[in-house]
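> Attaching a predicted model along with its sequence, questions to come.
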Amino acid sequence: MDNPMAIPDETKPQIGMHFNSESEAYEFYNSYGGRLGFSVRRKYGNKSKKDKTTITSRRFACNKQSIRKKDNCDIHTNCPREEMRTDCPARMGITLMENGKYQCHDFVEGHNHELHIPSTTHMMRSQWNISEIHGHGIDLADDSEIRPKAAFEYMGRQAGGRQNLGFTPKDHHNYLRSKRQRDLGYGEAASLLQYFTEQSRLDPSFSYAVQLDMDELITNIFWTDARMIIDYALFGDVVTFDTTFCTNKENRPFGIFSGFNHHRGLIIFGAALLYDETVESFKWLFKAFLETHRQNKPITIFTDQDAAMAKAISEVFNGT
C-alpha cells in the first residue's frame, strides 16, 4: 500500500546500519514508525546460550503483523474482539556482531494496511509515553492523595480530551507503580530486608520470599514464621485469603492467609505485601505460599472472588 508520507532515506532503516544496543535499535525503528504512521512491537529475540541474557538477534515488526489464532482465545470470551491484524510484512531485524554492536540484516518497508496520519500518531501504542510535565502532574496528584482515576480524568480535560494525553490509564498506573517501587527500593526495602534477616536469625523456621522486577526492584513480598507453619500443618484444610487491607498511603494491597483452630480462634498462615492485584502477582504469591508449606494445598480456599485472583487460584491450586 502506498505510503502517505515521504520519509527521507537517511532516516529509514538500511541494511548494514549499526546500533550500539538493542534498545537503541528499537527506539530508531519506533521513531521511524511514528513518522510513517504505524505502531511497533518486539516480535521475537534470541539469547546467548552462554549467559542466557545477551540478545543475539531481534526482530521488530509492525503491530499488525500476524493474525491472532482462534485456538488462543479464552474459552469464556469466545473471541469477542474484532481481528485488527492484517499479517503486515513490515519489519526490521538485527543481529549481534563480534564487537558488541548490532547490525541491521533485514528490512521490509511495505505495509498492507492504511497508516496513521500525523494528527493521530500519538494514539498508537508504541508512541504512548508520559512526558516530563505530565509525570510532574502525576507525582503532584499522588503526593496530594488524589486518586489516579480522578487525576487522569483531570489531565485529560486539560489536554482537550483523554485521547490527546499521549498515554493511557494503564500507563498512568504503571508510572505510579514504578515510582513506588523506587521509593521502596531506596527507603523501606533496606529496613524490611534487615528485619527479615534478623527474624531468620532468631527463628530458623522464619521464611520469606521476595520478587524483583527487571530493574532489580522489589515488587511482591511474602513471609511466614514458625507458628504460622505449624498452624497450617494442623488447620490448613480451609484457608481464607483477603487483600482488603489497603490502608497505607500508597494503597499497596496487604494480603493475609488465615483460618481457624480447634477453639475457633483466628490464626494466620502467611502474609504478603503486593504492588498490584494482577494474575501474575497472585500466581507468584500462591506459588510462594505452597513452596513454604511444602506444596500442601488446602482443601478449600475462600477469597473475595476477584477475577484475577480466581484465575490465579485456578491455575496454581487446581492446576487448570
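Alright, I've got the coordinates.
> Tell me where the stretch 51-200 of the chain has helices.
132-143, 148-158, 169-183, 189-202 (DSSP state H, counting those that start in this stretch).
> Quick one: closest of these to residue 51.
Across the helices of the stretch 51-200 of the chain, the minimum distance to residue 51, taken as CB to CB, is reached by helix 169-183, at 25.4 Å. Every C-beta, even on glycine, is put in place using the N, C-alpha and C of the backbone.
> ok but residue 270 is inside a strand, no?
Yes. Under DSSP: H, G, I helix; E, B strand; the rest coil, residue 270 falls within a strand.
> How about the contacts made by residue 102?
The neighbours of residue 102, taking CB atoms under 8 Å, 6 or more residues apart in numbering as the test, are 18-22, 24-25, 58, 94-96.
> gap between it and residue 204?
Using CB to CB, to the nearest Å, we find residue 102 at a distance of 49 Å from residue 204.
> quick one: furthest residue from the center of this structure?
Distance from the C-alpha centroid of the chain peaks at residue 263, with 42.4 Å (CA atoms, centre = their mean).
> give me the element it is part of.
Following DSSP states H and E, there is no helix or strand that holds residue 263.
> How about residue 49?
Residue 49 belongs to no helix or strand, assigned by DSSP H and E.
> Now do the phi/psi pair for it.
With angles defined as degrees, to the nearest 10, residue 49 sits at phi -70, psi -10.
> same check, this time on residue 31
The phi/psi pair for residue 31 (degrees, to the nearest 10) is phi -60, psi -40.
> and it, how many neighbours?
Residue 31 has 14 neighbours, counted by other CB atoms under 10 Å.
> Could you measure from residue 230 over to residue 18?
From residue 230 to residue 18 the distance is 61 Å (CB to CB).
> cool, residue 29 as well?
Note on residue 29: its distance to residue 18, by CB to CB, is 14 Å.
> ditto for residue 282
Taking CB to CB as the measure, residue 282 falls 43 Å from residue 18.
> Compare the two and say which is more crowded by neighbours.
residue 282 (28 against 13).
> What residue, apart from its backbone neighbours, is nearest that one spatially?
residue 312 (3.5 Å; CB to CB, 6 or more residues apart in numbering).
> surely the one you found meets residue 287?
No. Using CB atoms under 8 Å, residue 312 is not in contact with residue 287, being 9.3 Å away.
> which one of the two has more residues nearby?
residue 312 (23 against 17).
> for that one, what are its contacts?
Residue 312 is in contact with 279, 282-283, 285-286, counting by CB under 8 Å, 6+ apart.
> what helix or strand is it on?
Element membership of residue 312, judged by DSSP H and E, is helix 307-316.
> tell me the domain ranges of the chain?
According to automatic domain parsing, the chain comprises the domains 1-127, 129-186, 203-316.
> Dump these to TSV, plus distance to residue 192 and mean pLDDT.
TSV is the format used below for those (distance: least, CB to CB, whole Å; pLDDT from 0 to 100):
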stretch	distance to residue 192	mean pLDDT
domain 1-127	27	76
domain 129-186	8	71
domain 203-316	7	85
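> what's the most buried one of the ones you listed?
When you average the neighbours per residue for each of the domains of the chain (mean count of other CB atoms under 10 Å), domain 203-316 leads with a mean of 16.
> Put the alpha carbons of stretch 95-114 into CSV.
Output of stretch 95-114 as CSV, limited to C-alpha atoms (Å, rounded to 0.1, in the frame of the first residue of the first chain):
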residue,chain,number,x,y,z
THR,A,95,22.0,-9.4,14.8
LEU,A,96,24.8,-9.1,17.4
MET,A,97,28.3,-8.6,15.9
GLU,A,98,31.6,-9.6,17.5
ASN,A,99,32.3,-6.0,18.5
GLY,A,100,29.2,-5.9,20.7
LYS,A,101,27.2,-3.7,18.4
TYR,A,102,24.1,-4.7,16.4
GLN,A,103,23.7,-4.7,12.6
CYS,A,104,20.5,-4.4,10.6
HIS,A,105,20.4,-7.5,8.4
ASP,A,106,16.7,-7.5,7.4
PHE,A,107,14.3,-4.7,6.4
VAL,A,108,10.9,-4.9,4.8
GLU,A,109,9.4,-1.5,4.2
GLY,A,110,5.9,-2.0,2.7
HIS,A,111,2.7,-2.3,4.7
ASN,A,112,-0.6,-3.9,3.6
HIS,A,113,-2.9,-1.6,5.6
GLU,A,114,-3.8,2.1,6.0
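> Do you have the strands of the protein handy? List them.
For the chain, strands defined by DSSP state E occupy the ranges 18-19, 40-47, 55-62, 91-96, 102-108, 207-212, 218-224, 238-242, 254-260, 266-273, 300-302.
> In a markdown table, list the ones you listed along with distance to residue 141.
A markdown table is the format used below for the strands of the chain (distance: least, CB to CB, whole Å):
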| stretch | distance to residue 141 |
| --- | --- |
| strand 18-19 | 37 |
| strand 40-47 | 30 |
| strand 55-62 | 34 |
| strand 91-96 | 38 |
| strand 102-108 | 39 |
| strand 207-212 | 27 |
| strand 218-224 | 23 |
| strand 238-242 | 28 |
| strand 254-260 | 23 |
| strand 266-273 | 23 |
| strand 300-302 | 36 |
